[in-house]
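Student: got a predicted structure here, sequence first:
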Amino acid sequence: MCGIVFIKTPAFYDYHLKLCDRYLDRVCYSDQNVFLIFLERTAGNALLLVLVLAGGLHPAALPLPAVVLFYRSYTFGGTLAVLFSVYAFPGAVVAIALYLPIHLLIDAALLLAAGVSLCRAFSFTFCAGDFKELLADLLFFLALIALICLVEMLLLLALFHPMGNLL
């Protein structure tokens, strides 16, 4: 909601417009290989996952997941507002077919990871067992994010990229 509410101010509007332009240019209508887009999107979301899981290392780090999720929700609302208002029908197609479902799935994975971090924050002791559990959680959520990005790659290939961009 914050992104939609603040979209009226010029500074926020320009920021969201640049985000949308970059998303449309570099992801949806790019001439770049869809597999490279998959790797880039997976790496970017993996960084957010690491920040969310880092919140479970100590109670003082608990604001990290909240900040990551707040920023994602802020950009989500603003991007949707720009896609629908500025780009009209093509923007609505991108939003409904690609941006909305993938963003919500990534947010769901990050919310689950934030829940795990919250449970771990008060009992993490920096011993080998706790690090193994943290690594196992990281690998699980990373696989989940990679699976979501794979679905995004397939949607990109089916809806927006020509078959020549497969390789």
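Tutor: Sure thing, it's come through.
Student: which stretches in the chain count as strands?
Tutor: Per DSSP state E, the chain carries no strands over any range.
Student: mind pulling up the pLDDT for the most far-flung residue of it relative to its centre?
Tutor: Distance from the centre of the chain peaks at C127, with 30.5 Å (Cα atoms, centre = their mean). On pLDDT, C127 comes in at 83.
Student: what do you get for V5?
Tutor: 63.
Student: just E152 next, same as before
Tutor: 92.
Student: which secondary element of this protein has the worst mean pLDDT?
Tutor: helix 2-6 (a mean of 62; mean pLDDT, DSSP states H and E).
Student: what packs against the longest helix belonging to the chain?
Tutor: Across the chain, the helix with the greatest residue count (assigned by DSSP state H) is helix 128-159. If you count contacts as 3 or more Cβ pairs under 8 Å, 6 or more residues apart in numbering; DSSP states H and E, helix 128-159 packs onto helix 34-54, helix 100-121. (C-beta placed from N, C-alpha, C; glycine too.)
Student: next, the angle helix 100-121 makes with that helix.
Tutor: Per axes from the mean of the first three to the mean of the last three Cα atoms, to 10 degrees, the angle that helix 128-159 makes with helix 100-121 is 180 degrees.
Student: low-confidence ranges, the chain, go.
Tutor: 1-8, 162-167 (pLDDT under 70).
Student: V151 is nearest to which of the helices and strands packed on helix 128-159?
Tutor: helix 100-121 (7.1 Å; Cβ to Cβ).
Student: other SSEs contacting the closest one?
Tutor: helix 34-54, helix 63-85, helix 128-159.
Student: how many neighbours does L155 have?
Tutor: 17 (other Cβ atoms under 10 Å).
Student: before we move on, what about the one 3 residues further on?
Tutor: A count of neighbours around A158, defined by other Cβ under 10 Å, yields 10.
Student: then Q32?
Tutor: When neighbours are counted by other Cβ under 10 Å, Q32 comes out with 13.
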